[in-house]
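[1] I'll drop the sequence and a predicted model, then ask my questions.
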Amino acid sequence: MKDPGSQDRAGRLRRLGEWCARHFITVIVVWLIALGGLHGLNAAFGGTYSDNFSLPGTQSDEGARVLGRHLPGAAGIGAQVVLYDARGPLTGVRSQIDEAVGSLRTLPHVLSVTSPLPPTPSAPPTGALTPDGRTGYIGIQFDANPTSFGSSYLRGVDAAVQPLRAAGVQVEYGGLLGELARPVPTDLTSEAIGFAVAVIVLLIGFGSIIGAAIPLVTALVGVIVGVSCLGLIAAATTFASVSPTLATMIGLGVGIDYALFLITRHRQRLLDGADPVTAAGRAVATSGRAVIVSGCTVIVALAGLYVSQIGFIGKLGVAAAVTVVTAVIGAITLVPALLGLAGRRIDRYWVRRPVAERDPAPRPERGPAPERDPARAPDSVKRGEPAERPEPADGAAHDGWHRYAQRMERHPWWFLLAGLVAVGVLAIPLFSIRLGHIDDGADPTSFTDRRAYDLISAGFGPGANGPFILVVDQSAVPAADRPALASRLDRALTDVPDAASITPVQPTPDGQLLTATAIPSGSPQSAGSTELFHHLKDDVLPGAVSGTGAKTYVTGVSAAMEDFLDLITGRLPLIIGVVVALAFLIILIVFRGLPVALKAAVLNLLSIAASYGVVVAVFQWGWGGPSLGISGTVPIESYVPMMMFAIVFGLSMDYEVFLLARVQEAWLRTHESKGSVALGLEITARVISCAALIMVSVFAAFILSDNIVVKMLGLGLAVSVLIDATIVRLLLVPAVMTLLGSSAWWLPRWLDRILPQVDREGDGASPYPRSLPDGRPGAGVKGPPR
């Protein structure tokens, strides 16, 4: 029984596709106006991107606020201007240093500036000058994250330090000021490589030159429009610096995939004899509806990042979702318009015989019907007619995918075992994963913050790049007891493991706080620095002030990153749980089979585990890292696993729905479980493989980025899609479905009644109608509709 609401929605999509194909000039002009207008508005009024975010409620944030109230000059965000003079001590350019310090103090957003030189030669050293006097740094405290100031702010900094550079001193910007000075990433090379590989895959896989050009054009237009919209949104709120790159990466991948699904369906309709306008409308009504469902799934998965309750993470999901929205809109409007423009000439130019989506028709199997449960057999079987068995499409009987499907049908256990072994081996490194924050030491040496990092490491030790500020609020401690408290703290802070040095505690001018600086013995990204942070925060400081009423904090930029890591680590299981639950629920609603939905959730976990393992092996173990432009080994950036999980879940639903839809169509028609799985695999293998290869190439091209986090995301997403489209879709899913047989579609009757009906491809009929025309129930306790 058909759902009138689904029919109406499918009719609207069909009419939309036909209108766009018929009025292709109007649609193309509108898209060009949107493209030029939004790009221009973004150039004129778009915001900037920075990693400026706060963590309200964390001890580091509270410590910074306490410090700011009692010692404003030490509060805010710290950065360094690093100086090095190979000719001799920096005291030889004292006048230039004093001039630079004075000029820096006049800049906007500057709270305080400290010179590396003592005020007089007899004064004690400041700690910002090496023993040989050749390396030092000017400390600057800003009232906000410098990366949010915009590149124009650097002109003032450059002018302030110009006297030092003129005197022959090497000047580098460290910390967040150095991040502001990084070259603006364009990733044009990555995009060009991704496009080039996509062209090759489309031409080899589908043959038609025009058919290959349309997905690329629509994806590119959608990405430009989406990134322009993101820039305008960034004028109102802050997005991370990696946001536009992430949005471009996801937008290109899904944009090409979505267009490809519509074009293959459209070309099949043309081959079936439909006119171009009707074919485009039908493609939008069927595959277009699947694109909308898939796009909504990706967006829901990305929105799930807000479960982390960290705005920085949630906004990364929003950034990617913006280009997913434009990709979906482009697929259901611009694609049919371009198809209408191409007309029947879409296959006029080709490099090999063009192929389209295969829509196999079953043919009766000779001989009597096999015995089966009458309650679950098709009506033809009940009447004693020959059973139907899925057969390959015309011309497919002897191709490679057909033979592969037959082997899988005969030996599902071997395919399952091979898939599990492959996933298990790839996932081994996951058990040693260490989340952390990648420091400036991993950046290219062409970046000023990397050169500043190296100078400080050589002169003061690597830990000086990420000091911890220790704050003790003694306002509740009686004045007579404060000297004893300071002594207790100094004793407790002596010989602390993983600390290169900790300064004696010093009172603030108002006497309400005690402060000290701890320098880790390792780099900011090292495990020792993380252990030192927790040891100071949880053991050393609380133990030293126990029973006094004082409150302790470990603050500073490095401490904030450690608190951020703790938040991510604590909430990652929640994100994984939400995403897996979404995967289970979506598959359950669409395909109405508990084992099928459970299989999807479990295989998602196996797939992402294998992807994590590859990322750990490359970045944390260093396997192949130097060939990717990575200096040494680095921890896994704290938020990358969370982003990967949400994105990969959404993208994997494309292939999951595409494969299972064909399997279910054959099963509902024939109830031949093994043959249905083999046929579904045979039909979808070409499209899934080509679409996945395109997406892998788009993601992998971003490994060329100078940004380590972008490299990590690019590799992680590329590997995830590759594993999902090969090991999962070609080995595990068909093997599990074959072994489950008819039980894969088991669904309790009570659950079928409460689940919403979803029209998967806009044909107006639910795949599991609640009742059949003769009044029999559509879904039973043991299986699909009978």
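    On my side now, so go ahead.

[2] what about this protein, any weak spots by pLDDT?
    Along the chain, segments meeting pLDDT under 70 span 1-10, 52, 185-187, 353-399, 758-786.

[3] which residues of it fall in strands?
    77-84, 110-114, 135-142, 170-174, 363-364, 388-389, 435-436, 468-473, 499-502, 506-507, 513-520, 551-555, 636-637 (DSSP state E).

[4] Turn these into TSV, columns for mean neighbour count.
    C-beta coordinates here come from the backbone N, C-alpha and C atoms, glycine included. Output for these, formatted as TSV (neighbours: other CB atoms under 10 Å):
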stretch	mean neighbour count
strand 77-84	25
strand 110-114	18
strand 135-142	24
strand 170-174	23
strand 363-364	12
strand 388-389	20
strand 435-436	20
strand 468-473	25
strand 499-502	20
strand 506-507	14
strand 513-520	23
strand 551-555	24
strand 636-637	22
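
[5] Out of the ones you listed, flag the one nearest residue 299.
    Closest to residue 299 of the strands of the chain is strand 636-637 (CB to CB; 23.4 Å).

[6] In contact with residue 596, which residues?
    587-588, 660, 737, 740, 744-745 (CB atoms under 8 Å, 6 or more residues apart in numbering).

[7] got a list of what the residue positioned nearest the centre of the chain touches?
    In the chain, the residue lying closest to the centroid (CA atoms, centre = their mean) is residue 643, at 3.8 Å. Residue 643 makes contact with 246, 305, 313, 316-317, 713, according to CB under 8 Å, 6+ apart.

[8] 7 Å - rerun?
    316, 713 (CB atoms under 7 Å, 6 or more residues apart in numbering).

[9] Pull the residues that contact stretch 307-323.
    If you take CB under 7 Å, 6+ apart as the criterion, stretch 307-323 is touched by 53, 222-223, 226-227, 229-230, 239-240, 243, 246-247, 250-251, 299, 302-303, 305-306, 567, 571, 574-575, 578, 639, 642-643, 646-647.

[10] in that stretch, what's buried?
    Buried residues in stretch 307-323, counted by 16 or more other CB atoms under 10 Å: 307-308, 310-323.

[11] Now, these that are in helices?
    Under the assignment DSSP state H, those contribute 311-323 to helices.

[12] and those as CSV, adding distance to residue 633?
    Listed next are those as CSV, based on distance: CB to CB, whole Å:
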residue, distance to residue 633
311, 30
312, 25
313, 25
314, 30
315, 29
316, 25
317, 28
318, 32
319, 28
320, 28
321, 33
322, 34
323, 32
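
[13] Run the chain-centre distance for the lengthiest helix in the chain.
    Counting residues, the longest helix in the chain under DSSP H turns out to be helix 557-591. Taking CA atoms, centre = their mean, to the nearest Å, one finds helix 557-591 lying 12 Å from the centre of the chain it belongs to.

[14] Kindly report the same for stretch 638-652.
    Per CA atoms, centre = their mean, the centroid offset for stretch 638-652 relative to its chain is 5 Å.

[15] Neighbours of residue 407, how many?
    12 (other CB atoms under 10 Å).

[16] ditto for residue 448
    23.

[17] That one and residue 134, how far apart?
    Noted for residue 448: a distance of 19 Å to residue 134, by CB to CB, to the nearest Å.

[18] One more: residue 495?
    Counting by CB to CB, the gap from residue 495 to residue 134 is 30 Å.

[19] out of the two, which sits in the busier spot?
    Neighbours per residue (other CB under 10 Å) separate residue 495 from residue 134, with residue 134 holding more: 20 against 8.

[20] OK, contacts around the residue nearest to the more buried one when sequence neighbours are not counted?
    Of all residues not flanking residue 134 in the chain, residue 85 sits nearest, at 5.6 Å (CB to CB, 6 or more residues apart in numbering). Residue 85 is in contact with 93, 134, 169, counting by CB under 7 Å, 6+ apart.

[21] ditto for residue 303
    317, 321.

[22] What count of nearby residues applies to residue 509?
    9.

[23] Need the phi and psi values for it.
    In terms of degrees, to the nearest 10, the main-chain angles of residue 509 are phi -50, psi -30.

[24] Look up how far residue 318 lies from it.
    For residue 509 relative to residue 318 (CB to CB), the value is 44 Å.

[25] Next: residue 30.
    For residue 30 relative to residue 318 (CB to CB), the value is 25 Å.

[26] repeat for residue 199
    31 Å.

[27] is it true that residue 80 touches residue 136?
    No - contact criterion CB atoms under 7 Å: residue 80 and residue 136 do not qualify, at 9.6 Å.

[28] Disregarding residues adjacent in the polypeptide, which is nearest to residue 556?
    Nearest to residue 556 is residue 469, by CB to CB, 6+ apart, at 4.1 Å.

[29] Show the contacting residues for that neighbour.
    Residue 469 neighbours (CB under 7 Å, 6+ apart): 515, 517, 555-556.

[30] Count the neighbours of residue 327 for me.
    29.

[31] Kindly provide the distance from the nearest residue to it once chain neighbours are set aside to residue 165.
    Using CB to CB, 6+ apart and skipping the chain neighbours, the partner closest in space to residue 327 is residue 255 (3.9 Å). The gap separating residue 255 from residue 165 is 46 Å, by CB to CB.

[32] quick one, which of these two is more surrounded?
    Applying other CB under 10 Å to residue 255 and residue 165 shows that residue 255 carries more neighbours, namely 30 against 14.

[33] just checking, that one touches residue 217?
    No - using CB under 7 Å, residue 255 makes no contact with residue 217, being 9.8 Å away.

[34] ok, residue 680 to residue 665 distance?
    8 Å.

[35] Neighbour count for the two, which is higher?
    For residue 680 versus residue 665, neighbours defined as other CB under 10 Å are more numerous around residue 680 (26 against 20).

[36] Would you mind listing the outside residues contacting stretch 151-159?
    107, 180-181.

[37] ok, now with 6 Å
    107, 181 (CB atoms under 6 Å, 6 or more residues apart in numbering).

[38] got the buried residues for that stretch?
    For stretch 151-159, a neighbour-count test (16+ other CB under 10 Å) marks 153-154, 157 as buried.

[39] Please list all residues in contact with the spatially closest residue to residue 90 that is not a sequence neighbour.
    In space, and not counting its chain neighbours, residue 90 is closest to residue 136: 5.1 Å by CB to CB, 6+ apart. Contacts for residue 136 were tallied using CB under 6 Å, 6+ apart; they are 83, 90, 116, 128-129.

[40] and which of those is nearest residue 540?
    Distances from residue 540 to those, taken by CB to CB, are shortest for residue 128, at 25.0 Å.

[41] hang on, that closest one packs against residue 116?
    Yes - at 4.0 Å, residue 128 counts as touching residue 116 under the criterion of CB atoms under 6 Å.

[42] Touching both of these two, which residues are there?
    With CB under 6 Å, 6+ apart, residue 128 and residue 116 have common neighbours 136-137.

[43] Not counting its neighbours along the chain, what's nearest residue 164?
    residue 96 (4.9 Å).
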